[in-house]
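Trainee: Need a 3D model of the sequence below.
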Amino acid sequence: MTAPPWGHKPPPVDDSEQYWNSPPPEPSARCHYWLRRHRERTWTPNRHIRREGYHAAAEQLGIWIWEYLNLIRPLFDEESNMPNQQHHLPIHQR
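Mentor: Next up, the predicted model:
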């Protein structure tokens, strides 16, 4: 199988609840993957995930809850502060 330009997703964390109230020693490989994809503009946080709630979102993304609340969730807030026309542009034109 050919890897997409952004690489294959690393495996999810074993237990999303392992780091809930305190940060992990370092972000998981899966969290790094999502952050890199966002930085490179190859992934935009999905509003559906945000509506799921923090536990379900962390499970769906394959990351620890602390990572979702403190590293990924702020990306949703950034996206929601963008002017409406930006949401409809292809990612590479934002």
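
Trainee: Distance check, residue 43 against residue 37.
Mentor: 4 Å (C-beta to C-beta, to the nearest Å). C-beta here means a position set from N, CA and C on the backbone, and glycine is covered the same way.

Trainee: repeat for residue 66
Mentor: 19 Å.

Trainee: Neighbour count: these two, which is higher?
Mentor: Taking other C-beta atoms under 10 Å, residue 66 and residue 37 do not tie; residue 66 has more neighbours (21 against 17).

Trainee: Overlap of the contact sets of residue 43 and residue 37?
Mentor: residue 6 (C-beta atoms under 8 Å, 6 or more residues apart in numbering).

Trainee: Give me the helices and strands touching the helix ranked longest in the chain, please.
Mentor: If you go by DSSP state H, the chain has its longest helix at helix 29-39. On a contact count with 3 or more C-beta pairs under 8 Å, 6 or more residues apart in numbering; DSSP states H and E, helix 29-39 meets helix 54-61.

Trainee: can you list contacts of the helix it packs on?
Mentor: Contacts for helix 54-61 (C-beta under 8 Å, 6+ apart): 12, 16-17, 30-31, 34, 49-50, 52, 64-65, 67-69, 72-73.

Trainee: Which of those fall in helices?
Mentor: 30, 31, 34, 49, 50, 52, 65, 67, 73.

Trainee: Can you say which of the residues you listed are buried?
Mentor: 30, 31, 34, 49, 50, 65, 67, 73 (16 or more other C-beta atoms under 10 Å).

Trainee: Alright, I will stop here.
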